[in-house]
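> Quick one: sequence and predicted model below, then my questions.
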Amino acid sequence: MTIIGAPPTVRDESMDQAPHRLVGVLEKRLRGLEVDFHRAYWESQTSASPESERRRAELELELRRVKGDPRVLAAVKAALDEPLHDAVLRRQLEVLRLSLSANQMSEEQRARIVDLSSAIENEFASYRAVVDGRTLSDNDIDAILTSSDDSVERESAWRASKAIGALVAERVIELVRERNRVARALGWSDHYAMSLELQELTEAAVVELLDQLDCLTAAPFERWKALLDERLGSRFGVRELQPWHYDDPFFQSLPRDGRPSLDGLLSGTSAETLSVQTFARWGIDLTAVMSRSDLYPRPGKSQHAFCLDVDRTGADVRILANVAPGERWVEVMLHESGHAAYDVSIDPNVPYLLHRPAHTFVTEAIAIMTGRLAREPGWLRGVALAPTRDVDEIADGLERAAVDQSLVFARWGLVMVHFERALYADPEQDLDARWWELVERFQLVRAPGRRSGGEWAAKVHVSTTPVYYHNYLLGEVLASQLRATCERLFGGFVGVPEAGRFLAESLFKGGALMPWNQLVEAVTGRRLSVEDVAAPVAA
Ligand SMILES: [Zn+2]
């Protein structure tokens with residue numbers, strides 16, 4: 001990786017100015033770099049080339065270096081020590097302190113972390129599973145695991161999909177050690193604890209919520225899985241099921257044979273139109289977002305999906321997707337549109353540094369809540385305009401499937417979050433043993449007799465998106481809490497204009513003006529809790 005230019009610094013005279021001057025200077029500097037980075041990122045994802053990838057990486061490093069300047073952090077901390085009466089100014093300084101703190105490290109450490117991460121990312125990008133000399137894409141693996149009745153073929157595909165783990169595991173452990181060195185030098189027990197705290201979460205609160213989720217889901221999951229295993233056992237003619245007998249490599253989503261398919265019902269209208277119509281009912285116009293987006297597959301483009309507020313003004317929000325017919329992409333588009341609806345609804349007067357969702361997990365909660373609509377009878381009838389009789393026929397199955405999906409994902413999420421915490425607490429332990437112990441405990445899936453090792457590192461998030469997965473679990477919990485709030489206040493959610501106005505006004509509009517915990521309490525009337533997850537899971 002090329003490092004461009006000399007380390008940038010904020011001119012010393014700006015440090016002595018009043019806090020609002022400091023915020024103004026930093027906002028200008030970070031805004032310029034971040035917007036350039038977002039543009040380069042979009043470019044690298046929509047038309048991948050060595051040039052666009054280099055530009056993205058250079059801007060990312062540059063941004064990290066600016067945020068890593070210890071003198072800037074010292075100035076922000078000094079400003080926070082002053083008696084500030086302006087709450088918005090204080091919040092901007094607080095958000096700056098968190099973001100700068102996460103980047104404090106030596107130039108060598110920064111370069112080493114960026115090099116290791118890039119190498120791992122490149123390994124994932126170029127890796128293709130090979131079975132019997134045949135190269136398989138992720139979609140090929142998925143197709144085998146969802147449809148093949150041949151255990152031998154399934155095992156080969158599953159093992160091939162895990163082989164990337166063994167390739168990167170050593171480098172991931174090295175990265176964990178390096179991140180821990182940085183965190184310990186700054187006074188934290190490890191990188192995991194540091195990252196959570198800089199995301200305005202505490203390890204104790206996250207663990208408490210995970211334990212509650214575990215208690216709630218353990219028994220219903222065990223019952224559900226016993227029935228699934230019975231069906232799978234007779235399908236494959238085996239007494240003891242192996243990890244490759246489930247529908248996806250990590251058993252993180254509901255197997256297809258346990259739920260009704262919506263592919264037929266959703267074939268009439270495009271995922272793009274369905275998303276626009278869904279949000280229009282809530283008074284949120286996404287037509288401009290769709291026109292700037294890149295929604296359909298083509299060569300040289302990322303296979304994934306994401307939403308990006310390019311200049312953090314809400315005026316240039318874009319979605320990248322690879323929409324194909326069928327339920328999967330309808331669900332993905334409703335999810336990404338949830339992120340987009342949040343971004344376009346933030347008040348333009350909110351200052352740049354706070355012009356973003358209140359927390360990653362809060363925008364995930366919105367996206368999870370709207371993504372779930374694809375399986376909801378009321379949405380299928382009222383927005384997708386599927387024939388009432390067809391929807392009625394599968395309504396019970398859909399409702400059960402929605403509950404089961406949350407169960408399956410919760411058990412998988414518990415594995416991920418507990419594993420990642422253990423990984424940073426002690427990267428020298430037997431990580432393979434630890435991984436399979438958690439998989440057995442939470443997902444009730446037994447480790448295979450022969451193991452090649454490093455299966456944990458095959459999950460891309462462990463390797464390339466550190467200390468992030470808890471956001472999905474917290475998002476699931478908040479999605480249920482927000483949905484229950486809308487039902488309580490307006491007697492409904494799908495197509496209810498008041499529910500849309502309520503979310504836009506009370507949650508989206510303020511961006512990150514309020515810390516997430518205050519916002520959740522203000523919007524839902526209570527602290528984040530698993531209370532509303534309980535109802536459907538226990539049913
Ligand atoms: Zn999302």
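Looks like it arrived, so ask away. Residues are numbered from 1 along each chain as shown.
> ok now stretch 171-191, how far from the chain's centre?
Offset of stretch 171-191 from its chain centre (C-alpha atoms, centre = their mean, to the nearest Å): 22 Å.
> Render the CA-only coordinates of it in PDB, please.
Coordinates of the C-alpha atoms in stretch 171-191 are reproduced here as PDB (Å, rounded to 0.1, in the frame of the first residue of the first chain):
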ATOM      1  CA  ARG A 171      -3.000 -13.400  10.200                       C
ATOM      2  CA  VAL A 172      -6.300 -12.700  12.000                       C
ATOM      3  CA  ILE A 173      -4.700 -13.800  15.300                       C
ATOM      4  CA  GLU A 174      -1.800 -11.500  14.500                       C
ATOM      5  CA  LEU A 175      -4.200  -8.700  13.900                       C
ATOM      6  CA  VAL A 176      -6.000  -9.400  17.200                       C
ATOM      7  CA  ARG A 177      -2.600  -9.300  19.000                       C
ATOM      8  CA  GLU A 178      -1.700  -6.000  17.400                       C
ATOM      9  CA  ARG A 179      -5.100  -4.400  18.100                       C
ATOM     10  CA  ASN A 180      -4.800  -5.600  21.700                       C
ATOM     11  CA  ARG A 181      -1.400  -4.000  22.100                       C
ATOM     12  CA  VAL A 182      -2.800  -0.700  21.000                       C
ATOM     13  CA  ALA A 183      -5.800  -1.000  23.400                       C
ATOM     14  CA  ARG A 184      -3.700  -2.000  26.300                       C
ATOM     15  CA  ALA A 185      -1.300   0.900  25.800                       C
ATOM     16  CA  LEU A 186      -4.300   3.100  26.100                       C
ATOM     17  CA  GLY A 187      -5.400   1.500  29.300                       C
ATOM     18  CA  TRP A 188      -8.100  -0.900  28.200                       C
ATOM     19  CA  SER A 189      -8.100  -4.600  29.000                       C
ATOM     20  CA  ASP A 190      -8.300  -5.500  25.300                       C
ATOM     21  CA  HIS A 191      -9.500  -4.200  21.900                       C
END
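> For it, report the contacting residues that lie outside it.
101, 104-105, 109, 112-113, 116-117, 119-120, 123, 193-194, 197, 423-425, 427, 431, 457, 462-463, 466-467 (C-beta atoms under 8 Å, 6 or more residues apart in numbering). Glycine gets a C-beta too; all of them are placed from N, C-alpha and C.
> just stretch 77-88 next, same as before
Residues outside stretch 77-88 that contact it (C-beta under 8 Å, 6+ apart) are 19, 20, 22, 23, 90, 93, 94, 97, 351, 354, 513.
> for the stretch 1-150 of the chain, what spans make up the strands?
Along the stretch 1-150 of the chain, the segments classed as strands by DSSP state E, counting those that start in this stretch run 129-131, 134-136.
> Deepest-packed of those, please.
Ranked by mean neighbour count, these are led by strand 129-131 with a mean of 17 (mean count of other C-beta atoms under 10 Å).
> can you count the residues close to residue 407?
Per other C-beta atoms under 10 Å, the neighbour tally for residue 407 reads 22.
> can you pull the contacts of it?
Residue 407 sits next to 217, 220, 221, 224, 537 when contact means C-beta under 8 Å, 6+ apart.
> where does it land on pLDDT?
With respect to pLDDT, residue 407 scores 92.
> For it, give its distance to residue 82.
Remark: distance between residue 407 and residue 82 (C-beta to C-beta, to the nearest Å) = 50 Å.
> ok, now which ones touch residue 290?
Contacts of residue 290 (C-beta under 8 Å, 6+ apart): 272, 275, 276, 319.
> If you tally nearby residues, what's the number for the closest residue to the second one other than its chain neighbours?
Closest residue to residue 275 in three dimensions, ignoring its sequence neighbours and counting by C-beta to C-beta, 6 or more residues apart in numbering: residue 337, at 4.1 Å. In terms of burial, residue 337 registers 29 neighbours under the definition other C-beta under 10 Å.
> Now the helix or strand residue 337 falls within: buried residues?
Assessed by DSSP states H and E, residue 337 sits inside helix 327-345. Residues 327, 329-345 are the ones in helix 327-345 that count as buried (16 or more other C-beta atoms under 10 Å).
> Need the three-state assignment for residue 318.
strand (DSSP: H, G, I helix; E, B strand; the rest coil).
> do you know how far it is from residue 367?
Noted for residue 318: a distance of 15 Å to residue 367, by C-beta to C-beta.
> State the helix or strand in which residue 408 lies.
Secondary structure from DSSP H and E places residue 408 in helix 388-425.
> Could you pull out the buried residues of that helix?
Result for helix 388-425 [16+ other C-beta under 10 Å]: buried residues 391, 394-395, 398, 400-424.
> measure residue 252 to residue 381 for me?
Taken as C-beta to C-beta, the span from residue 252 to residue 381 is 29 Å.
> if I pick the residue nearest to residue 228 when sequence neighbours are not counted, what's in contact with it?
Nearest residue to residue 228, sequence neighbours excluded (C-beta to C-beta, 6+ apart): residue 258, at 6.3 Å. Residue 258 is in contact with 228, 231, 401, 404, counting by C-beta under 8 Å, 6+ apart.
> tell me the contacts of the last one?
Read it as residue 404. Here residue 404 is in contact with 224, 254, 258, 259 (C-beta under 8 Å, 6+ apart).
> Which secondary structure state does residue 498 sit in?
helix.
> That should have said residue 241, apologies.
Quick answer, by three-state DSSP: residue 241 is coil.
> just checking, residue 484 touches residue 530?
No: with contact defined as C-beta atoms under 8 Å, residue 484 does not count as touching residue 530 (11.5 Å).
> Between those two, which is the more surrounded one?
Neighbour count, other C-beta under 10 Å: between residue 484 and residue 530, residue 530 has more, with 22 against 16.
> okay, now the nearest residue to the more buried one once chain neighbours are set aside: neighbour count?
Leaving out its chain neighbours, the residue that sits closest to residue 530 by C-beta to C-beta, 6+ apart is residue 212, at 4.6 Å. For residue 212, the neighbour count with other C-beta under 10 Å is 16.
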